[in-house]
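In: Quick one: sequence plus predicted model below, questions after.
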Protein chains: 2
Amino acid sequence: MRPDFLIRNKHIIIYGISLAILLFLLRWLQLRLIVFNHAFEIYVGAIALIFTALGIWLALKLIKPKVQIVEHIVEKVHEPESTDTFKLNEDTLNELGLSKRELEVLQLMATGLSNQEIAGQLFVSLNTIKTHTSKVFEKLDVKRRTQAVEKAKRLSLIP
Amino acid sequence: MRPDFLIRNKHIIIYGISLAILLFLLRWLQLRLIVFNHAFEIYVGAIALIFTALGIWLALKLIKPKVQIVEHIVEKVHEPESTDTFKLNEDTLNELGLSKRELEVLQLMATGLSNQEIAGQLFVSLNTIKTHTSKVFEKLDVKRRTQAVEKAKRLSLIP
DNA sequence: TGTAAAATCACCCAAAAGTATGAGAATAAA
DNA sequence: TTTATTCTCATACTTTTGGGTGATTTTACA
């Protein structure tokens, strides 16, 4: 959990450290200023420079909807939602009154199978599957299988 | 009576007024002192703010020459994307040759909309959407829209 | 400026999906 | 055992989807 926390808040930590260093630097510059009274312009210049850089950095860092440009950079990251520990939302499941078989059909539906293919998997007729899907749609209050899958995923009825 | 009273307590009144003025003066001096003591910090803060804004403005305005920098920064940030900020997999996208419009249709498809509804959203005809979906299926190498959505999500083409 | 890719639309046909209704069999619950 | 639910299947019908083909118009780019 500790390393995880560190990793997750990497930016914040880095930012904090940077800020600390920056403040330290400023403090140092301030002392310099007191010692050499004529360094005021230099001090202000340094401030201006540093914060201009900070502004640029902030802008580049935090404003990246410039997908057009960033395109070539965003390489190789691929494996987002892998470590899946799916937890079925039984409350919602019971609330909706979905039967075991209906959930089963819903799961297969989510994998992109056709009704015919689902029927084959479950060794029942196509009509049976149609009945199930109809009931699923009714209970989920949707009209199409794509909506059903979308909603089921949203409700954690499905991984 | 009135003048009499005033005259009689002249000293006291003067003293009181003097005291009041003095207190007021002290108060004012105190404020001045506070402001003066922090004038430097305030000044530096203003400088910092202004130049931070300037930096942001510069970065946004002259983003073209700064792209190189953006690239490096972004690349370092790579892995820690645990938050739900969806990052589109542009490699795969380009690899598959999906056009902008096709991706758009795919996205709407993923929300469970019918072709007719998608056509309505995009202000084009149903036939056009059918053409798009067909091409999407072809490029994704799938047969049905449910499969397309499933695969698109797996490939991070879609949140 | 000409070419290629993308976007648009149409028509036809077939397959799949979805709706409505009814009904028999298995199962769980009372 | 009776009852309610679930699961099963069927038939008929409508809507949606998907495949194939071809054509016109934009748009981007060399």
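Out: Cool, the structure landed. Numbers count the residues shown, from 1 in each chain, chains lettered A, B, ... in the order given.
In: Output the below-cut-off pLDDT ranges for chain A.
Out: In the predicted model, chain A carries pLDDT under 70 at residues A:1-16, A:32-41, A:55-84.
In: the helices in it, which residues?
Out: Applying DSSP state H to chain A gives helices spanning A:2-8, A:10-35, A:40-62, A:67-70, A:90-96, A:100-110, A:115-122, A:126-140, A:145-154.
In: Chain B is nearest to which of those?
Out: helix A:40-62 (2.1 Å; CB to the nearest CB). For glycine as for every other residue, the C-beta is placed from the backbone atoms N, C-alpha and C.
In: How about A:Leu93, nearest residue that isn't a chain neighbour?
Out: Counting by CB to CB, 6 or more residues apart in numbering or on different chains, A:Leu157 is the residue found nearest to A:Leu93 once chain neighbours are left out, at 6.0 Å.
In: which residues sit against stretch A:126-144?
Out: Stretch A:126-144 has contacts (CB atoms under 8 Å, 6 or more residues apart in numbering or on different chains) with A:96-99, A:101-102, A:105-106, A:109, A:115-116, A:118-119, A:122, A:145, A:147-148, A:151-152, B:112, B:114.
In: one more time with 6 Å, if that's ok
Out: A:96-98, A:102, A:105-106, A:115-116, A:118-119, A:148, A:151, B:112 (CB atoms under 6 Å, 6 or more residues apart in numbering or on different chains).
In: which among those are in contact with DNA strand D?
Out: Near DNA strand D, judged by CB under 7 Å from any atom of the strand, the entries from those are A:Gly97, A:Glu102.
In: By neighbour count, which of the contacts of stretch A:126-144 wins?
Out: A:Val105 (29 neighbours; other CB atoms under 10 Å in any protein chain shown).
In: who are the neighbours in contact with it?
Out: The neighbours of A:Val105, taking CB under 6 Å, 6+ apart as the test, are A:Ile118, A:His132.
In: If we use 10 Å, what do you get?
Out: A:98-99, A:113, A:115, A:118-119, A:121-122, A:124, A:128-133, A:135-136, A:145, A:148 (CB atoms under 10 Å, 6 or more residues apart in numbering or on different chains).
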